[in-house]
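[1] Structure, please.
(chains A and B)
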Amino acid sequence: GAVVSQHPSWVICKSGTSVKIECRSLDFQATTMFWYRQFPKQSLMLMATSNEGSKATYEQGVEKDKFLINHASLTLSTLTVTSAHPEDSSFYICSADPGQGYEQYFGPGTRLTVT
Amino acid sequence: GENVEQHPSTLSVQEGDSAVIKCTYSDSASNYFPWYKQELGKRPQLIIDIRSNVGEKKDQRIAVTLNKTAKHFSLHITETQPEDSAVYFCAAQGHTGNQFYFGTGTSLTVIP
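    Numbering: from 1, shown residues only, chains lettered A, B, ... in the order given. Model prediction:
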């Protein structure tokens, strides 16, 4: 149980285009999901907290107009990287909070490369 | 938000020896501290966690200690094996929205 998926697992896009990444909780409902970014050999940096049915809360320094988050259902959150640039190339990981305690469950990550 | 520091950044030990990784946090209201193991290009895997009402927790070769007064917690791996080689991250859970703030990571190498 407690499986989280992400799609796509990797994506290559051209500079200036937009890319959407999906995060799904497959066997539980998640009122809250989190989006992280991880650069090579670095830590996971929290980008935003996504709550079902409400606006996402962004961490300081994260551009909300560039990283659009939608949490339309209790099992799906999406992150759209708009007008992507090479510096947005990174590993994006989501996690889902089942709301039953402390533990969160991580997705497998999405490798984004912007050329 | 929470500020989590982690040391050392790299650690090499001989197989069978112990490894210790230390973390400090800034928000005294944080109350949950998980440790994750991450292999290259994969999701973090929870290996052990501790809540603020507990000072120590052990699971086979892995243990975690927490000092709330000093705001630091540590991961202890005994009888290390080559398959323990990976990057380890500590995290502290924010008290306002359950978000995790991660330490900077420790690359552990166990030498056979």
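[2] Check residue 59 and give its pLDDT.
    You didn't pick a chain, so chain A it is. For residue A:59, the model assigns a pLDDT of 93.
[3] You answered for a different chain; I wanted chain B.
    pLDDT recorded at residue B:59 is 95.
[4] and stretch A:9-21, does that touch chain B?
    No: figure legend: stretch A:9-21 not in contact with chain B (C-beta under 8 Å from any C-beta of the partner chain); closest approach 9.5 Å. From N, CA and C alone the C-beta is placed, and that goes for glycine too.
[5] quick one, what contacts the closest residue to residue B:55 other than its chain neighbours?
    With C-beta to C-beta, 6 or more residues apart in numbering or on different chains as the criterion, residue B:55 has its nearest non-adjacent residue at 5.8 Å, and that residue is residue B:66. By C-beta atoms under 8 Å, 6 or more residues apart in numbering or on different chains, the contact list for residue B:66 reads B:33, B:50, B:52, B:54, B:55, B:56, B:72, B:73.
[6] which SSE is residue B:66 in?
    Using DSSP states H and E, residue B:66 sits in strand B:62-67.
[7] ok, that strand: who's next to it in the sheet?
    With DSSP bridges as the test, strand B:62-67 is paired with strand B:56-59 (antiparallel), strand B:72-77 (antiparallel).
[8] Surely residue A:44 and residue B:44 touch.
    Yes: counting by C-beta atoms under 8 Å, residue A:44 touches residue B:44, with 7.0 Å between them.
[9] Bridging across strands, which residues link to residue 77?
    Just going to use chain A. Beta bridges link residue A:77 to residue A:23, judged by DSSP bridges.
[10] hm, I was asking about chain B
    Residue B:77 has these beta-bridge partners by DSSP bridges: residue B:19, residue B:62.
[11] Settle this for me: it is touching residue B:61, isn't it.
    Yes: applying C-beta under 8 Å, one finds residue B:77 in contact with residue B:61, separated by 6.0 Å.
[12] Would you confirm that residue B:47 belongs to a strand?
    Yes: under DSSP: H, G, I helix; E, B strand; the rest coil, residue B:47 sits within a strand.
[13] how about it, what does it touch?
    By C-beta under 8 Å, 6+ apart, the neighbours of residue B:47 are B:35, B:36, B:37, B:59, B:62, B:88.
[14] what is in contact with residue A:44 and residue B:44 at once?
    What both residue A:44 and residue B:44 touch, as defined by C-beta under 8 Å, 6+ apart, is the set A:93, B:89.
[15] can you tell me which of the strands paired with strand B:62-67 comes nearest to residue B:22?
    Of all the strands paired with strand B:62-67, it is strand B:72-77 that lies closest to residue B:22, at 4.8 Å by C-beta to C-beta.
[16] Brilliant, that's me finished.
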